[in-house]
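Engineer: fold the following for me, if possible:
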Amino acid sequence: MKIVIMGGTGLIGTKLAGILRDKGHDVLQASPSRGINAVTGEGLDRALLGADVVVDVANSPSFEDQAVLAFFETSSRNLLAAEAAAKVRHHVALSIVGTDDLPECGYFRAKLAQENLIRGSKTPHSILRATQFFEFVGGIVDSSSDGQIVRLSPALFQPVSSDDVATALADIALGTPLNDVVELAGPEKFSLDEFARKYLTATKDHRKVVADIHARYFGAELNDRSLTPAGNPRLGSVRFEDWLSGRLQ
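Structural biologist: Predicted structure coming up:
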């Protein structure tokens, strides 16, 4: 099959492309740097010519509320229209667990808008909602840091490795469209503050983590359901400590 990966040169796109090529598929890693831009429409028709599946893992260059909303709405509308014209058989999108539970967070609102556009299109689709990636823990800590103090909610979350995300996306892309949402999480639950302490201890960072139930996560207060999947999610296999030890070797 020909599979086009939007955002194909990023973290997830690169891993996904490797998995799909190893399985013998024709993979196009699309990105603005390669002349394929879903926001402007540049190169979309050419890229999707003969495509069977499109996997959208592209991310906004800005997380400011209006900018991120404009990115996901514009890119999704352009991409879905191009897919309809090219008769693409399966649209796969990567989203986030909790998109419909955290309206205070602009990024989550933007991802929900993207999901709604996908649901309203005529292209058969599958949406993978994943929890936060292990790779993002440093950014989470830094965004919650005030000097030597890191204030984080003690709410539960269930982070996942990017390798597990890419593996799940590959399985979904090669399967029958679900026309639904499936959730993916890591194999372990942590409180957000505990997770940060493990990371800082392992990296020999002496900042102190303070648990604060009112600490905001990118604008939103959390509870134990905010960042954890519902029901019976697909679970990744990589444990955080194993991932972290591999990164620090």
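
Engineer: in the top helix by length along the chain, which residues are buried?
Structural biologist: In the chain, with assignment by DSSP state H, the single longest helix is helix 65-86. For helix 65-86, burial by neighbour count (16 or more other CB atoms under 10 Å) applies to 68-73, 75-80, 82-83, 86. For every residue, glycine as well, the C-beta is placed using N, CA and C.

Engineer: check which element follows that helix along the chain.
Structural biologist: Reading on from helix 65-86 to the C-terminus, the next helix or strand found by DSSP states H and E is strand 90-96.

Engineer: that next one vs helix 65-86, what angle?
Structural biologist: Strand 90-96 and helix 65-86 are oriented at 170 degrees to each other (axes from the mean of the first three to the mean of the last three CA atoms, to 10 degrees).

Engineer: flag every buried residue along the helix or strand bottoming out on mean pLDDT in the chain.
Structural biologist: In the chain, no helix or strand scores lower on mean pLDDT, DSSP states H and E than helix 240-248, which sits at a mean of 85. Along helix 240-248, these residues count as buried under the neighbour rule (16+ other CB under 10 Å): 240, 243-244.

Engineer: circling back: now, among the buried residues of helix 65-86, which is nearest to Leu152?
Structural biologist: Comparing the buried residues of helix 65-86 against Leu152 with CB to CB places Val68 closest, at 22.2 Å.

Engineer: so who does the closest one touch?
Structural biologist: 60, 62, 106-107, 110 (CB atoms under 8 Å, 6 or more residues apart in numbering).

Engineer: dump these to a markdown table, plus distance to Ala166 and secondary structure.
Structural biologist: Shown next, in a markdown table, are these (distance: CB to CB, whole Å; DSSP: H, G, I helix; E, B strand; the rest coil):
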| residue | distance to Ala166 | secondary structure |
| --- | --- | --- |
| Ser60 | 20 | coil |
| Ser62 | 24 | coil |
| Gly106 | 26 | helix |
| Tyr107 | 21 | helix |
| Ala110 | 22 | helix |
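
Engineer: drop anything exposed from these.
Structural biologist: Neighbour counting with 16+ other CB under 10 Å marks 60, 106-107, 110 as buried within the contacts of Val68.

Engineer: give me the number of residues near Leu117?
Structural biologist: 17 (other CB atoms under 10 Å).

Engineer: so it touches Ala81, yeah?
Structural biologist: No: assessed by CB atoms under 8 Å, Leu117 is found out of contact with Ala81, at 10.4 Å.

Engineer: circling back: tell me how far the least confident helix or strand of the chain lies from the chain's centre.
Structural biologist: 20 Å (CA atoms, centre = their mean, to the nearest Å).

Engineer: cool, and stretch 138-152?
Structural biologist: Centroid separation for stretch 138-152 versus its chain: 21 Å, with CA atoms, centre = their mean.

Engineer: go on, stretch 60-71?
Structural biologist: Centre-to-centre, stretch 60-71 and its host chain are 15 Å apart (CA atoms, centre = their mean).

Engineer: CA atoms only: put it into CSV for me.
Structural biologist: C-alpha atoms of stretch 60-71 as CSV (Å, rounded to 0.1, in the frame of the first residue of the first chain):
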residue,chain,number,x,y,z
SER,A,60,1.4,22.8,15.4
PRO,A,61,4.6,24.9,15.5
SER,A,62,2.9,27.1,18.1
PHE,A,63,0.9,26.1,21.2
GLU,A,64,-0.7,29.5,21.6
ASP,A,65,-4.4,29.0,21.9
GLN,A,66,-5.5,30.7,18.6
ALA,A,67,-2.5,29.6,16.6
VAL,A,68,-2.9,25.9,17.5
LEU,A,69,-6.6,26.0,16.8
ALA,A,70,-6.0,27.6,13.4
PHE,A,71,-3.3,25.0,12.6
